[in-house]
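In: coords please:
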Amino acid sequence: MGETIMIHSQRGNGLLLVIIAFAVLFGVIGLSLEQHGDMVATIQKHHLETTALNLAEAGIAYAIDKMHTSENFYGEESLQLEAIGTFTVSISQLTPSNKIEILATGRATGTGARISDVVKTIRVVLQRTDEDSEQPFTLLSREITS
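Out: Down below sits the predicted model:
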């Protein structure tokens, strides 16, 4: 009879060890999945920041092209680029001189509740050169403001 009690006691200890091992295993898997989710969110955020900056750069190129081909180029304009995002361009004359300020804002569209939209703005100051010059504008400054 003493042997029977000992076998049941050993089975209970074995079952307890199996339960603890599975609990630890599920805890490690859960932690790993959570860290993986954070890593994916960080990568997506970086991708959106790059996209927003590229959209702002596209806005600068668009504004320079518009100034080169149009007589009435001052003002603000916004363009939607399908599911990627938007860019908004504001062109204004700074002083009575030939200096022109371009503010281009790129907004990359976020992918849901966890990843929101990302906005980047670039400020460029150009100066008109002589009309006979190959380069109609000279870049005076360029800065990322946000």
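
In: Which parts of this structure are helices?
Out: 2-69 (DSSP state H).

In: residues contacting L94?
Out: Going by Cβ atoms under 8 Å, 6 or more residues apart in numbering, L94 touches I100, E101, V125. (C-beta placed from N, C-alpha, C; glycine too.)

In: Okay, and the beta partners of the last one?
Out: It refers to V125. Here V125 sits in beta bridges with E101, S141, going by DSSP bridges.

In: burial measure for it, as a count.
Out: Applying other Cβ atoms under 10 Å, we find 15 residues neighbouring V125.

In: Same question for the second one.
Out: Other residues near E101 come to 16 when the count uses other Cβ under 10 Å.

In: got a list of what it touches?
Out: Neighbours of E101 in contact, by Cβ under 8 Å, 6+ apart: S90, I91, S92, Q93, L94, R123, V124, V125.

In: do the same with the first one
Out: When contacts are counted by Cβ under 8 Å, 6+ apart, I100 is found next to M67, I91, S92, Q93, L94, V125, L126, Q127, R128, F137.

In: Compare those residues and tell me which has the most neighbours.
Out: Counting neighbours by other Cβ under 10 Å, L126 leads those with 23 neighbours.

In: low pLDDT regions in the protein?
Out: Confidence mapping of the chain against pLDDT under 70 gives the ranges 1-12, 36-37, 112-114, 132.

In: let's see it at 90
Out: Residue ranges of the chain with pLDDT under 90: 1-48, 51, 64-87, 92-100, 108-118, 126-142, 144-146.

In: Please tell me how far E82 sits from T109.
Out: Separation of E82 from T109 (Cβ to Cβ, to the nearest Å) stands at 9 Å.

In: Comparing the two, which residue is more hemmed in?
Out: T109 (19 against 6).

In: what's near enough to touch the closest residue to the more buried one other than its chain neighbours?
Out: Nearest residue to T109, sequence neighbours excluded (Cβ to Cβ, 6 or more residues apart in numbering): G85, at 4.7 Å. Residues in contact with G85 (Cβ under 8 Å, 6+ apart) are T51, A52, L55, G106, R107, A108, T109, D117.

In: switch the cut-off to 10 Å
Out: 48, 51-52, 54-55, 79, 106-110, 117-119 (Cβ atoms under 10 Å, 6 or more residues apart in numbering).
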